[in-house]
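1. Quick one, fold the following:
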Amino acid sequence: METKKIQTHKDLDVYNMAFKSAMEIFELTKKFPPEEKYSLTDQIRRSSRSVCANLAEAWRKRRYLGSFVLKLNDSEAEAAETQTWLDFAVASGYLSAEKSQGIYQEYDFIIGKLVNMIAHPEPWLLPVKK
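-> Below you'll find the model as predicted:
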């Protein structure tokens, strides 16, 4: 079985899962009430997109262990924040518990992948030239 070489952040499975999930949230939030435009809708869209943005930043900072791990931690935190906003969407009646549960589980999987990268960053780091 041939493995694809990862050349950019867009080649990471975790990035692609997070991007797909953020786009799913974008579509679902189109149905949220207008009064939520600058609160719940904006917050959940921002946090879900930030998972991807922080992954892209982490990828570009892989020369430095601390910077790389910090951005991965930020990505993990944004994924957890997105889960919290999903809970608010269900509690507010804007999203069914069933639909939310599927997306919530996607973010659990994304968080798991991020935690694994944080715990084992060495394979992802670039060698430092001397």
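2. so what's the residue positioned nearest the centre of the chain up against?
-> Nearest residue to the geometric centre of the chain (Cα atoms, centre = their mean): V51, 3.0 Å. Counting by Cβ atoms under 8 Å, 6 or more residues apart in numbering, V51 makes contact with 18, 21-22, 75, 78-79, 82, 110. Backbone N, C-alpha and C define where each C-beta goes, glycine included.
3. what do you get for I103?
-> Applying Cβ under 8 Å, 6+ apart to I103 gives the contacts 21, 24-25, 28, 86.
4. quick revisit: can you give me the separation between the residue nearest to the centre of the chain and Y104?
-> 14 Å (Cβ to Cβ, to the nearest Å).
5. what does R63 give?
-> 34 Å.
6. out of the two, which sits in the busier spot?
-> Y104 (16 against 12; other Cβ atoms under 10 Å).
7. Just give the number of residues close to the closest residue to T8 other than its chain neighbours.
-> Closest residue to T8 in three dimensions, ignoring its sequence neighbours and counting by Cβ to Cβ, 6 or more residues apart in numbering: W59, at 7.0 Å. Using other Cβ under 10 Å, W59 is surrounded by 20 other residues.
8. okay, now N73: neighbour count?
-> 15.
9. K71: which of the contacts of I103 is nearest?
-> Nearest to K71 out of the contacts of I103 is S21 (Cβ to Cβ; 18.4 Å).
10. chain center to the helix or strand hosting that closest one, what's the gap?
-> Using DSSP states H and E, S21 falls within helix 13-29. Computed by Cα atoms, centre = their mean, to the nearest Å, the chain-centroid distance of helix 13-29 equals 8 Å.
11. Give the other helices and strands that it contacts.
-> Applying 3 or more Cβ pairs under 8 Å, 6 or more residues apart in numbering; DSSP states H and E, one finds that helix 13-29 contacts helix 40-60, helix 65-91, helix 97-119.
12. and those as TSV, adding mean pLDDT?
-> Below are those laid out as TSV (pLDDT from 0 to 100):
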stretch	mean pLDDT
helix 40-60	98
helix 65-91	98
helix 97-119	98
